[in-house]
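Student: fold the following.
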Amino acid sequence: MYYFMLTLHGDSGMIAFIAFSSLAISIFLIEKKYKLNYKILNILFIIANLGMIIYFLGGPIIGWYMLYPLSTQCSNFIGIYGRHFWISYVGILLFSISVEIASIYLWRKSSSLVFISLTLMVFSMPFLGVTMILYIISAIKRIFISPIILAILFWEYGSPDTYFLTFVVFELLYTIFKPYSMKWITWSKYPLIILPFLIFANHLQTWPIPSAIRELSDFSTIFLTGFIAILFLNLVIPLLKNSISSTIEFLGAVTLSGFSISTIFSVVLPFNFIDPILHNTYYVAGSFHSIIWDFLITGFFLGFYMFVSTFEVKKIVKEHLLKASILTWLISSTILSYIMMVAGYEGLIRREVVFSQKFLVLMDLMSTFAFIAVFGIGLAFSIEISKLIMSIKIKKVKGKKIMKVVEKLRRNF
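Tutor: Here you go, the predicted model:
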């Protein structure tokens, strides 16, 4: 159960949430300039979701990183497909194909940082598809494939994946705050496209890979961090001189704050002197979860808030409650991630059910702040979803029962 839940939360987060939210914000930004074919996008979205459902129905229980060759053995699945457990990987294959087509469609109409994000998606999704095909072949034909090859193929997709949402969130911020210099974005364009493909070895620090490849990824990560810092400073420099006057600007400032908070302790990770032991602890888990929670999720909420603001909505509650809920999320998730890093520095290993008794207090603290964080972000999204429901204009509704349900929802909200 532990490893299945690990797989469920990891794959739904890294593979599904990152791709879907990146495409959603890309669509939101692109549709301001171009008319999009939503019938095609809706069909691709449904197929991608069905693919993930097919995958999870197979129930891989070997951990979300899909460690080969364990990932192609029937004993490591919950068995809903019986001996045909390889069908699970057909699900991710469907997902990768549909997201690839959607990315190419939007890529042709994109520009600036959205173009960078969609470029990463267009050229990295095939790696995920090829990996799934090799998993299927391995499971059916019992052909042995080197674990290193499959791990590298997976992380050639996985490394750019971690930056899909990063760049579209920055593009959102650039629509809110006036940058210091647009030339800085132009100078950063190609490094931001190329470098994410060179850092795959950072995710393989506990594997026996050649030192030259490891160091290439380390230095590529350092350079990539520098170019992303340019995007960050390009917004922070002018923001220091201006006051925040709206809720959108407040959420933008929170997102930027989350970026600075989450990257402080991640900067040291590429360096080889802490490998590979620390890379197998909660320190790494805490650092990348901090980026996800403090920057990516707050950034996605910013995009959702801006989307809801395009409708004619009534203010159901005062904006102070929304701001308080987002700050609750930011503060509690930051504390949670820092506790994880402290536990990792003290030796708590990742992906292990059994741990020393001395970590029990830290585990309880993690759970406590996790509940607080979920309450904060849940309240924030509930407020915006409520606005969205209230803004829906119904032209024709067939059936009295449907109308009663809709009216009941309106009264409750």
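Student: all helices of the chain, in order?
Tutor: Ranges of helices within the chain are 2-11, 18-30, 38-58, 87-107, 112-141, 147-176, 183-194, 211-239, 247-263, 282-291, 298-308, 319-345, 360-391, 400-412, based on DSSP state H.
Student: tell me what the fourth one is packed against?
Tutor: When contacts are defined as 3 or more C-beta pairs under 8 Å, 6 or more residues apart in numbering; DSSP states H and E, helix 87-107 sits against helix 18-30, helix 38-58, helix 112-141. In this view, the C-beta of every residue, glycine as well, is placed from N, C-alpha and C.
Student: then the longest one?
Tutor: Packing contacts for helix 360-391, counted by 3+ C-beta pairs under 8 Å, 6+ apart, involve helix 298-308, helix 319-345, helix 400-412.
Student: out of the ones you listed, which one sits most buried?
Tutor: Most buried of those, by mean neighbour count (mean count of other C-beta atoms under 10 Å): helix 298-308, with a mean of 21.
Student: report the angle between the axes of that helix and helix 247-263?
Tutor: Interaxial angle, helix 298-308 versus helix 247-263 (axes from the mean of the first three to the mean of the last three C-alpha atoms, to 10 degrees): 170 degrees.
Student: could you check how far helix 298-308 is from the centre of its chain?
Tutor: Per C-alpha atoms, centre = their mean, to the nearest Å, the displacement of helix 298-308 from the mean C-alpha position of its chain is 14 Å.
Student: ok, back up a step: okay, the helices of the chain in JSON lines with distance to residue 66 and mean pLDDT next?
Tutor: Listed next are the helices of the chain as JSON lines, based on distance: least, C-beta to C-beta, whole Å; pLDDT from 0 to 100:
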{"stretch": "helix 2-11", "distance to residue 66": "8", "mean pLDDT": "83"}
{"stretch": "helix 18-30", "distance to residue 66": "16", "mean pLDDT": "96"}
{"stretch": "helix 38-58", "distance to residue 66": "10", "mean pLDDT": "94"}
{"stretch": "helix 87-107", "distance to residue 66": "9", "mean pLDDT": "95"}
{"stretch": "helix 112-141", "distance to residue 66": "8", "mean pLDDT": "94"}
{"stretch": "helix 147-176", "distance to residue 66": "6", "mean pLDDT": "92"}
{"stretch": "helix 183-194", "distance to residue 66": "26", "mean pLDDT": "89"}
{"stretch": "helix 211-239", "distance to residue 66": "20", "mean pLDDT": "88"}
{"stretch": "helix 247-263", "distance to residue 66": "25", "mean pLDDT": "92"}
{"stretch": "helix 282-291", "distance to residue 66": "17", "mean pLDDT": "90"}
{"stretch": "helix 298-308", "distance to residue 66": "25", "mean pLDDT": "95"}
{"stretch": "helix 319-345", "distance to residue 66": "22", "mean pLDDT": "93"}
{"stretch": "helix 360-391", "distance to residue 66": "25", "mean pLDDT": "92"}
{"stretch": "helix 400-412", "distance to residue 66": "40", "mean pLDDT": "63"}
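Student: turn the ones you listed into JSON lines, including distance to residue 71.
Tutor: Output for these, formatted as JSON lines (distance: least, C-beta to C-beta, whole Å):
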{"stretch": "helix 2-11", "distance to residue 71": "10"}
{"stretch": "helix 18-30", "distance to residue 71": "20"}
{"stretch": "helix 38-58", "distance to residue 71": "11"}
{"stretch": "helix 87-107", "distance to residue 71": "8"}
{"stretch": "helix 112-141", "distance to residue 71": "6"}
{"stretch": "helix 147-176", "distance to residue 71": "8"}
{"stretch": "helix 183-194", "distance to residue 71": "29"}
{"stretch": "helix 211-239", "distance to residue 71": "23"}
{"stretch": "helix 247-263", "distance to residue 71": "30"}
{"stretch": "helix 282-291", "distance to residue 71": "20"}
{"stretch": "helix 298-308", "distance to residue 71": "29"}
{"stretch": "helix 319-345", "distance to residue 71": "25"}
{"stretch": "helix 360-391", "distance to residue 71": "28"}
{"stretch": "helix 400-412", "distance to residue 71": "43"}
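Student: those: which one's closest to residue 204?
Tutor: Residue 204 lies closest to helix 147-176 among those, at 6.0 Å (C-beta to C-beta).
Student: now for the closest one, which elements pack on it?
Tutor: Under the contact definition 3+ C-beta pairs under 8 Å, 6+ apart, helix 147-176 sits against helix 18-30, helix 112-141, helix 183-194, helix 211-239, helix 247-263, helix 298-308.
Student: list the buried ones in that helix?
Tutor: Across helix 147-176, burial judged by 16 or more other C-beta atoms under 10 Å covers 150-174, 176.
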